[in-house]
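Asker: structure for this input, please:
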Amino acid sequence: MERRGIAEAGGAALVSGVLAIGALWLAVGYIDWVLVVGLALGAAIAAAANYRARTGHADTVKTEAPEVTADNFENYTPVKAGDGGTEGLDEEREASDRESE
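Answerer: The predicted structure is shown next:
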């Protein structure tokens, strides 16, 4: 796993552990360390799985996406109203010319 993934998992474990300690101290008056460690490990595992899912999806999209260059970008760019596109205008002109005849 990369450094960022380790940092995310470690940060999630640290934050959840501190929150569990605070919640247990305020609610019960003592700290159950087994519960705190279990919650921290669960948060770390969930954060690591989330990181792997996000980076794996990004890699998949990167490999499957077509390469858009300066020569073919128009093929992958949808024409929106007001973009100055002329798609469909020729057919409309021909239809209106036929109707006016």
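Asker: show me which helix runs longest in this structure.
Answerer: For the chain, the helix with the greatest residue count under DSSP state H is helix 33-64.
Asker: check contacts around A9.
Answerer: 1, 44-45, 47-48, 51 (C-beta atoms under 8 Å, 6 or more residues apart in numbering). Any C-beta I mention is one placed from the backbone N, CA and C, and that applies to glycine too.
Asker: 7 Å instead, please
Answerer: Shown in contact with A9 (C-beta atoms under 7 Å, 6 or more residues apart in numbering): 44, 47-48, 51.
Asker: that older thread, buried ones in the longest helix of the chain, by neighbour count?
Answerer: Residues of helix 33-64 classed as buried by neighbour count (16 or more other C-beta atoms under 10 Å): 36, 39-40, 43-44, 47-48, 51.
Asker: how about low-confidence regions in this protein?
Answerer: Along the chain, segments meeting pLDDT under 70 span 68, 70, 72-74, 76-101.
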